[in-house]
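>>> Let me see the structure of the following:
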Amino acid sequence: MNYWWNCLTKNFANFDGRARREEIWMFWLFNVIISFVAFIPYIGYAIASIFSLWALIPGIAVAVRRLHDTGRSGWWYFIALVPVIGWIWFFVLVYCIDSQPGYNQYGPNPKGM
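Numbering: from 1, shown residues only. Alright, predicted model coming up:
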């Protein structure tokens with residue numbers, strides 16, 4: 001939960017640096033849980049919509065930091081715009097590939113911190 005809270009507060013629009021795989025997985029796990037809880041018929045639609053909009057920029061920011069962690073530019077985020085294969089490729093790049101070991105152009109490896 002600490003990763004999720006840091007993404008929504010401390011790193012709200014931080015596109016610099018690197019993010020571990022655990023950070024992006026925990027961010028989206030808690031977003032899904034909160035969305036399901038907030039999605040109560042009649043009342044929850046507005047709450048879930050507001051929460052989704054609030055989590056949009058931190059979600060993009062953590063994905064860009066995760067791309068940095070794999071040694072890729074944040075512009076790789078736009079690979080998701082390619083129909084079908086783009087989303088698969090984006091998922092593999094962001095959610096599955098391990099961190100680039102050591103220091104890269106985006107900073108030190110967060111696993112070592």
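
>>> Downstream of the host helix or strand of residue 5, the next helix or strand is which one?
Under the criterion of DSSP states H and E, residue 5 resides in helix 2-8. Proceeding N to C from helix 2-8, the next assigned helix or strand is helix 21-38, under DSSP H and E.

>>> now for that following helix, which elements pack on it?
helix 2-8, helix 44-69 (3 or more CB pairs under 8 Å, 6 or more residues apart in numbering; DSSP states H and E). C-beta here means a position set from N, CA and C on the backbone, and glycine is covered the same way.

>>> Flag every buried residue along the helix holding residue 5.
Using 16 or more other CB atoms under 10 Å as the burial criterion, the residues of helix 2-8 that qualify are 3-4, 6-8.

>>> Run through the residues that contact residue 10.
Applying CB atoms under 8 Å, 6 or more residues apart in numbering, we find residue 10 in contact with no residue.

>>> And the pLDDT at it?
Predicted confidence (pLDDT) for residue 10: 81.

>>> From residue 23, how far off is it?
Residue 10 sits 12 Å away from residue 23, going by CB to CB, to the nearest Å.
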